[in-house]
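Participant: sequence isn't available, so here's the structure alone:
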């Protein structure tokens, strides 16, 4: 097959994680090719809410990655890019902060507890988070309405997380991909991972020719297991479906990302059954986004009225005024789930030159920047800023062998 292009690294997947990997790899001096069978942000990223969260993470490796990523998101948001980088006519000559371009909003999160037991559990979680570097501010029952005037009465209290933020995910992925300067190959399906006689990676095969490079980054999200299989290794990524309701524009009626304390338990659950917990947040554009549901039903894209009804009911319990608000649309996406709820990050010792950056479940937007930096450091032989051992891709093969 005709060889179409060559570089230092091929990143497979042009969602948020792939775009971030391309950005930081390019900033580390590598010649990057970014390839996707669809458009930029055409998969899970395009169905995301854009959350950059620490509030929903217990102390441990994922929280450390979230704190690193949050710092990097803030730094990116403050960068000033040229009009050309922002995709505007260069003749405008109007530089703008990247954060403005992709609607970075450091609005903070508010986790609320319905009763004393939920509040005690939330307080215990927050104590551990603070020890790890999170800012978590207790909010008494009488103070909740100072932060969110339209919250339901009778809640026991909550916790305010000022480090939580939000971006518009499709814009963010597009701007990170453009800022990377990577050669973007969209509409190009990867059909194989090329390997030399020694077993080492030498690029990927696509339906439109080969892309050659001594390193390949698997940032294919929900389809990360399929890319791993093309390289001859197992990575048990499964899709976990979720729906989002979108309301008519309601500027600043909901000021934070607001969710019930049981949402954290749902995120960490291994259950394949349907789970819903109320998550409500405003956006810079005005509409309110309502979630969250989780269920493992494969890649079934069927509309589910019971799920949407459950989301609406949960949202109105938190914010009663929403009962009189129109829902304009609903959409769904598939979170890339791994059994231990940690992404696969870093080099795969089973295939020299293969790196993984997938399996972030519902946290891929928020964890993308830290992932991109760590992958770039691994690609260039530098010591990663975080210990990659908990994220090692081969850990599932180790468990199967025990």
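Facilitator: Cool, the structure landed. Remember, predicted model here, so these are calculated numbers, not experimental data.
Participant: which helix or strand lies directly C-terminal to the lowest-mean-pLDDT helix or strand in the chain?
Facilitator: The weakest-scoring helix or strand in the chain, judged by mean pLDDT, DSSP states H and E, is helix 262-268 (a mean of 65). Downstream of helix 262-268, the first helix or strand assigned by DSSP states H and E is strand 275-282.
Participant: for that next one, the distance to its chain's centre please.
Facilitator: 17 Å (CA atoms, centre = their mean, to the nearest Å).
Participant: try stretch 62-80
Facilitator: 13 Å.
Participant: check stretch 367-385 too.
Facilitator: With CA atoms, centre = their mean, you get 16 Å for stretch 367-385.
Participant: same deal with stretch 229-247?
Facilitator: Counting by CA atoms, centre = their mean, stretch 229-247 comes out at 12 Å from the chain centroid.
Participant: start and end of that stretch, how far apart?
Facilitator: Taking CA to CA, to the nearest Å, the first and last residues of stretch 229-247 lie 40 Å apart.
Participant: average pLDDT across that stretch?
Facilitator: For stretch 229-247, the per-residue pLDDT values average out at 95.
Participant: how about stretch 12-29?
Facilitator: 98.
Participant: okay, buried residues for that stretch please.
Facilitator: Under the neighbour-count criterion of 16 or more other CB atoms under 10 Å, stretch 12-29 has 12-26, 28 buried. Where you see a C-beta, it was placed from the backbone N, CA and C, and this is true even at glycine.
Participant: what is the most widely separated pair among the residues you listed?
Facilitator: 15 and 28 (20.2 Å; CB to CB).
Participant: all strands of the stretch 301-402 of the chain, in order?
Facilitator: For the stretch 301-402 of the chain, the strands defined by DSSP state E, counting those that start in this stretch cover 327-337, 344-347, 354-358.
Participant: any chance of these in CSV, with distance to residue 180, mean neighbour count and mean pLDDT too?
Facilitator: Formatted as CSV, these follow (distance: least, CB to CB, whole Å; neighbours: other CB atoms under 10 Å; pLDDT from 0 to 100):
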stretch, distance to residue 180, mean neighbour count, mean pLDDT
strand 327-337, 21, 18, 94
strand 344-347, 19, 24, 98
strand 354-358, 14, 29, 98
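Participant: residue 210: which of those is closest?
Facilitator: For residue 210, the closest of these is strand 354-358, at 16.1 Å, according to CB to CB.
Participant: and that closest one, what does it pack onto?
Facilitator: Where contact means 3 or more CB pairs under 8 Å, 6 or more residues apart in numbering; DSSP states H and E, strand 354-358 is packed against helix 16-27, strand 216-218, helix 224-230, strand 344-347, helix 364-379.
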